[in-house]
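Novice: This is a predicted model, with the sequence first.
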Amino acid sequence: MALAPTLKTWLLVVPALALLGVVGYRAGGRALQAEHPAVAMNEVPADSGTSAPTQPQQLARQLLARERSAAVPSGLPLDIRADIEGDSDLFAYAQRLRLQAANGNAEAGWMVSRVYDYCAIYAMDPGGYQLDNNVLTGLGMSASSPMVLARERVARRCAGFVASDGLGRQLILTQRLLAAKAGNLAAEAALFADGQPLHDTPDYRRGLVERVRDSRDPEAFMALSTAMGQRASGDRAMEGMIAGDQFSELAWRLAACELGMACGADSVLMNNFCANGGICSQDGGQDFATFVYDAAVSRQGAGKMKTLVEQLIKRSNGR
């Protein structure tokens, strides 16, 4: 999804990015994905369906699931999006979401994809993830400390997922496709940003952006944001829109925060940038907006950025 950090070059305080070259994942022997950190790009084979677990992690997973079956309520809060923030158990949360999505709840289907997106890198190899944390800690670098803390939070919240769950790119896209076809706008925007739009015509692209803008849905704004950056440059369908450069992408993200997206220091957004992208604020108390204006936008550009955000919000409000 578009929640994944893609603008590595716009941050001036990202020494932790260098650490990504140090940390290697055992799953497939590939390096950690820094360009699209929230999505595990490599597919993981699905569970073969054998009854006896072949790995200790799978056995622990089965035992944990049995314990949770009696403890996890079957329903969801009225605000289905709420539990992805805070310190909730995302494995249990995803279980509840899947039940709702199977019953046709498009919002639940979208949030399942967000959980998969957030937990994918951890789920590729939970044991290797912890070993990498140990490596980062052992480096003793000041830049590694916030990244380790962010990664540890991902591990706590995603505990229960294992490699056999296959939380790779294809599963995430499939889940978003189902949610989009069921009517979820954020999922539709995310597919577009992922390069997998429901339709690929100029009229569709422009119409989708207009629908997102008019919806005032912060999740849809955030999901669309990466598609509105440099990738939109030269696209005639985007003429007259806030699109085509790095400022535009950031403006859509900041507008999402203004419209109610959780963008605080402890939000999934900030945690994801740091844990999965190495883009970490050196001030643990910074929210996303403060971080952007502090690290990604010059003083000369701050006024332009605020104007773009105001234009997005005003136009989405019909004024």
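Specialist: Right, received. Where do you want to start?
Novice: Give me the neighbour count for residue 285.
Specialist: 9 (other Cβ atoms under 10 Å). From N, CA and C alone the C-beta is placed, and that goes for glycine too.
Novice: all strands in the stretch 151-300 of the chain, in order from the N-terminus.
Specialist: Using DSSP state E, counting those that start in this stretch, no strands are found in the stretch 151-300 of the chain.
Novice: That one: helices as residue ranges?
Specialist: According to DSSP state H, counting those that start in this stretch, the stretch 151-300 of the chain carries its helices in the segments 169-181, 185-193, 202-215, 218-224, 246-258, 268-277, 288-295, 299-316.
Novice: Go through those and name the closest to residue 88.
Specialist: helix 268-277 (10.6 Å; Cβ to Cβ).
Novice: Buried residues in stretch 207-220, which are they?
Specialist: In terms of neighbour count (16 or more other Cβ atoms under 10 Å), stretch 207-220 has its buried residues at 208, 209, 212, 213, 215, 217, 218, 219, 220.
Novice: And for that stretch, what's in contact with it?
Specialist: Stretch 207-220 is contacted from outside by 81, 110, 185-186, 188-189, 192, 197, 221, 224, 228, 238, 241, 243, 256-257, 259-261, 312, 315-318, using Cβ atoms under 8 Å, 6 or more residues apart in numbering.
Novice: Just the buried residues of those.
Specialist: Neighbour-count burial (16+ other Cβ under 10 Å) is assigned, among the contacts of stretch 207-220, to 81, 110, 185-186, 188-189, 192, 197, 221, 224, 228, 238, 241, 243, 256-257, 259, 261, 312, 316.
Novice: tell me which helix or strand of the chain sits lowest on mean pLDDT?
Specialist: Ranking every helix and strand in the chain by mean pLDDT, DSSP states H and E puts helix 56-71 at the bottom, with a mean of 43.
Novice: Can you list the buried residues in the helix or strand just after that one?
Specialist: On the C-terminal side of helix 56-71, the nearest following helix or strand under DSSP states H and E is helix 90-102. Neighbour counts over helix 90-102 (16+ other Cβ under 10 Å) mark 90, 91, 92, 93, 94, 95, 96, 97, 100, 101 as buried.
Novice: for stretch 307-315, same thing?
Specialist: Using 16+ other Cβ under 10 Å as the test for burial, stretch 307-315 gives 308, 309, 312, 313.
Novice: Could I get those residues in CSV, plus columns for distance to residue 170 and pLDDT?
Specialist: Listed next are these as CSV, based on distance: Cβ to Cβ, whole Å; pLDDT from 0 to 100:
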residue, distance to residue 170, pLDDT
308, 34, 95
309, 34, 96
312, 32, 95
313, 35, 91
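Novice: okay, those residues in a markdown table with distance to residue 275 next?
Specialist: Converted to a markdown table, the buried residues of stretch 307-315 look like this (distance: Cβ to Cβ, whole Å):
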| residue | distance to residue 275 |
| --- | --- |
| 308 | 28 |
| 309 | 26 |
| 312 | 28 |
| 313 | 29 |
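Novice: Widest-spaced pair of those?
Specialist: 308 and 313, at 9.8 Å, using Cβ to Cβ across the buried residues of stretch 307-315.
Novice: Mind listing the shared neighbours of the two?
Specialist: Joint contacts of residue 308 and residue 313 (Cβ under 8 Å, 6+ apart) do not exist.
Novice: Tell me the one of the buried residues of helix 90-102 nearest residue 277?
Specialist: Nearest member of the buried residues of helix 90-102 to residue 277, counting by Cβ to Cβ, is residue 90, at 18.5 Å.
Novice: Was I right to think that closest one contacts residue 156?
Specialist: No: contact status for residue 90 versus residue 156: not in contact, 9.4 Å apart, counting by Cβ atoms under 8 Å.
Novice: what about residue 233, how many neighbours?
Specialist: Residues within reach of residue 233, counting by other Cβ under 10 Å, total 11.
Novice: got a list of what the residue nearest to it when sequence neighbours are not counted touches?
Specialist: Counting by Cβ to Cβ, 6 or more residues apart in numbering, residue 244 is the residue found nearest to residue 233 once chain neighbours are left out, at 4.2 Å. Applying Cβ under 8 Å, 6+ apart, we find residue 244 in contact with 228, 229, 230, 232, 233, 234, 235, 238.
Novice: Next one: residue 244 from residue 252, what distance?
Specialist: As defined by Cβ to Cβ, to the nearest Å, residue 244 lies at a distance of 12 Å from residue 252.
Novice: shared neighbours of these two, anything?
Specialist: Counting by Cβ under 8 Å, 6+ apart, the residues touching both residue 244 and residue 252 are residue 228.
Novice: before we move on, the earlier item: and the buried residues of stretch 207-220, which two are furthest apart?
Specialist: Between any two of those, the greatest separation by Cβ to Cβ is 16.3 Å, found for 208 and 218.
Novice: Contact partners for residue 156?
Specialist: residue 87.
Novice: Could you check the pLDDT of residue 141?
Specialist: We have a pLDDT of 83 for residue 141.
Novice: which residues touch residue 269?
Specialist: Residue 269 touches 3, 222, 261, 262, 263, 288, counting by Cβ under 8 Å, 6+ apart.
Novice: If anything else comes up later, I'll come back, but that's it for now.
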